[in-house]
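Student: Below are the sequence and a predicted model; questions follow.
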Amino acid sequence: GAVVSQHPSRVICKSGTSVKIECRSLDFQATTMFWYRQFPKQSLMLMATSNEGSKATYEQGVEKDKFLINHASLTLSTLTVTSAHPEDSSFYICSASWKNPSTDTQYFGPGTRLTVL
Amino acid sequence: AQSVTQPDIHITVSEGASLELRCNYSYGATPYLFWYVQSPGQGLQLLLKYFSGDTLVQGIKGFEAEFKRSQSSFNLRKPSVHWSDAAEYFCAVGRNNAGNMLTFGGGTRLMVKP
């Protein structure tokens, strides 16, 4: 099956710093990547959708200037949490899919746990 | 707007017993429905999906789900649970036929007693 990786798996940073999370599709070209946020014991909330080579589409209530998304290639998308604060601490999960009418499924990465001190 | 409800936050079953996890959705058009399982340290894994056709869908690991339009439900079932099935299960509805733009339910944590 399709494999999606995330790096790092866990990061701790100081308040006010920026953190970059990478999402890679290892064995397929992802035309679309998604970024989700999951709070403890809660469900995944879609933050944004990104298509390769174009600007990301953010969900309502998600600050695009705080959560910068770059989808520069068909195998890599990055999420940068700028000027992180403790309330940004969460589990961030990416997923990737490609255009195939019969098998268009999202494949999820293992997630990145961000802790902001 | 679409929404997904998983009424049971926690469920505990004995190993070998049958399992049913409930999922109710609200969506204006024909729903595209999914069940995912999340294990610690691993990404969400797709168990099964329903786009159209037969309303009883077979998935991996012995799971199945039945789409009931009249009840707006897509319950997940397994006839005999294994200890390795202990995990968090998420039902989701897709906003278009590509399964993109998923809206997830709150999840059900399954615990398996020996």
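Tutor: Arrived safely, thanks for sending. Residues are numbered from 1 along each chain as shown, chains lettered A, B, ... in the order given.
Student: so who does B:Arg22 touch?
Tutor: B:6-8, B:73, B:75, B:108 (Cβ atoms under 8 Å, 6 or more residues apart in numbering or on different chains). Backbone N, C-alpha and C define where each C-beta goes, glycine included.
Student: Before we move on, what's the pLDDT of the residue nearest in space to the middle of chain A?
Tutor: When Cα atoms, centre = their mean is applied to chain A, the residue found nearest the centroid is A:Trp35 (3.4 Å). What the model reports for A:Trp35 is a pLDDT of 95.
Student: before we move on, what about the one 10 residues further on?
Tutor: Reading off the confidence values, A:Met45 has pLDDT 92.
Student: neighbours of B:Ala17, just the number please.
Tutor: B:Ala17 sits with 13 neighbouring residues when counted by other Cβ atoms under 10 Å in any protein chain shown.
Student: thinking again about what came up before, the residue nearest to the centre of chain A sits in which helix or strand?
Tutor: Using DSSP states H and E, A:Trp35 falls within strand A:32-38.
Student: Partner strands of that strand and their direction?
Tutor: With DSSP bridges as the test, strand A:32-38 is paired with strand A:44-51 (antiparallel), strand A:90-97 (antiparallel).
Student: residue contacts, residue 67?
Tutor: As the question left the chain open, I've gone with chain A. Counting by Cβ under 8 Å, 6+ apart, A:Phe67 touches A:35, A:47-48, A:58, A:79-82.
Student: Actually, chain B is the one I wanted.
Tutor: B:Phe67 touches B:31, B:33, B:50, B:55-57, B:73-74, counting by Cβ under 8 Å, 6+ apart.
Student: mind showing which ranges of chain B have poor pLDDT?
Tutor: Residues of chain B meeting the criterion pLDDT under 70: B:96-100.
Student: how about the residues of it near chain A?
Tutor: B:36, B:41-46, B:49, B:90, B:97-107 (Cβ under 8 Å from any Cβ of the partner chain).
Student: what's the neighbour count on residue 34?
Tutor: Since you didn't name a chain, this refers to chain A. For A:Phe34, using other Cβ under 10 Å, the count is 25.
Student: please go with chain B instead
Tutor: There are 28 residues near B:Phe34, going by other Cβ under 10 Å.
Student: Mind listing the residues bridging to the residue positioned nearest the centre of chain B?
Tutor: Closest residue to the average C-alpha location of chain B: B:Trp35 at 3.4 Å, with Cα atoms, centre = their mean. Per DSSP bridges, the residues bridged to B:Trp35 are B:Leu48, B:Cys91.
Student: quick one: the host helix or strand of B:Phe74 to chain centroid distance?
Tutor: Using DSSP H and E, B:Phe74 sits within strand B:73-78. On the basis of Cα atoms, centre = their mean, to the nearest Å, strand B:73-78 sits 6 Å off its chain's mean C-alpha point.
Student: Could you double-check that A:Ser50 lies in contact with A:Leu74?
Tutor: No - using Cβ atoms under 8 Å, A:Ser50 is not in contact with A:Leu74, being 11.5 Å away.
Student: For A:Phe91, give me its contacts.
Tutor: For A:Phe91, the contacting residues are A:37-40, A:111-114, by Cβ under 8 Å, 6+ apart.
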